[in-house]
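Chemist: Dropping a prediction and its sequence here:
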Amino acid sequence: MKLVLLFGPPAVGKMTVGQELEKQTGLKLFHNHMTIELLHPFFGFSQEMFRLSTIFREGIFKSFIKTDHDGMIFTFVWAFDQDEDWKFVESMCNIFTAEDADIYFVELEADTDERLERNKTPNRLEHKATKNNLEASEQNLLNMEKEHRMNSKNGELPYNNYVRINNTHLSAEEVAKRIRKEFRFPLNERNISDH
């Protein structure tokens with residue numbers, strides 16, 4: 001079992017890269033908005049929504065680890081200045097390492113201007129209804145940029161299976177291929193050929 005943690009700031013391309021990595025590897029994509037979009041109609045962007053989202057995610061992780069799937073790709077925004085984000089990552093990793101899963105850390109970074117463009121892409125808007133108010137979504141992206149540090153400092157992450165990719169000028173397919181080759185994940189030949 002593998003867990004690929006795919007993290008970076010909003011609109012950096014985590015879900016789109018995750019979709020491509022799922023195609024190339026057969027690992028199951030669980031992007032962070034899957035729980036957000038479920039809960040948002042009931043609770044809005046509230047503490048209760050985020051509390052329940054964490055409970056749902058942990059429940060999914062605990063059940064998934066018992067399946068016969070090869071692994072999961074989980075995407076999220078990691079605010080490095082927030083202790084609760086570090087605790088969440090530790091808790092998530094513990095669920096998987098307790099069952100002898102291998103964990104891979106993939107950090108994405110991209111220029112703010114590029115992320116503002118990606119914030120409007122049809123794929124993002126299709127899968128993330130809460131982003132359809134583009135003015136509010138863009139303002140949220142810029143506010144988070146000011147309020148939190150969403151990329152790590154050099155040497156801050158002490159993990160063996162770790163790669164950081166600036167994907168400002170790379171397609172999701174290129175990034176997924178780089179991740180797959182970095183960690184030597186086998187190609188899922190049913191879905192794609194390796195060119």
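Modeler: On my side now, so go ahead. Numbering: from 1, shown residues only.
Chemist: helices and strands around the longest strand belonging to the chain, which ones?
Modeler: Taking DSSP state E as the criterion, the chain has its longest strand at strand 102-109. Packed against strand 102-109 by the contact rule (3 or more CB pairs under 8 Å, 6 or more residues apart in numbering; DSSP states H and E) you find strand 2-7, helix 83-97, strand 162-166, helix 172-182. Bear in mind the C-beta positions are built from the backbone N, C-alpha and C, glycine included.
Chemist: Tell me, how many residues neighbour residue 91?
Modeler: A count of neighbours around residue 91, defined by other CB atoms under 10 Å, yields 13.
Chemist: how close does the closest residue to it other than its chain neighbours sit to residue 73?
Modeler: For residue 91, ignoring the flanking residues on the chain, the nearest one in space by CB to CB, 6 or more residues apart in numbering is residue 58 at 7.0 Å. Remark: distance between residue 58 and residue 73 (CB to CB, to the nearest Å) = 17 Å.
Chemist: the more surrounded of these two?
Modeler: When residue 58 and residue 73 are compared for neighbours, residue 73 comes out ahead with 26 against 14, by other CB under 10 Å.
Chemist: What is the subsequent helix or strand relative to the least confident helix or strand in the chain by mean pLDDT?
Modeler: One helix or strand of the chain scores below all others by mean pLDDT, DSSP states H and E: helix 122-127, with a mean of 84. Next in sequence after helix 122-127, counting helices and strands by DSSP states H and E, comes helix 134-147.
Chemist: List the buried residues of that following helix.
Modeler: Across helix 134-147, burial judged by 16 or more other CB atoms under 10 Å covers 137, 138, 140, 141, 144.
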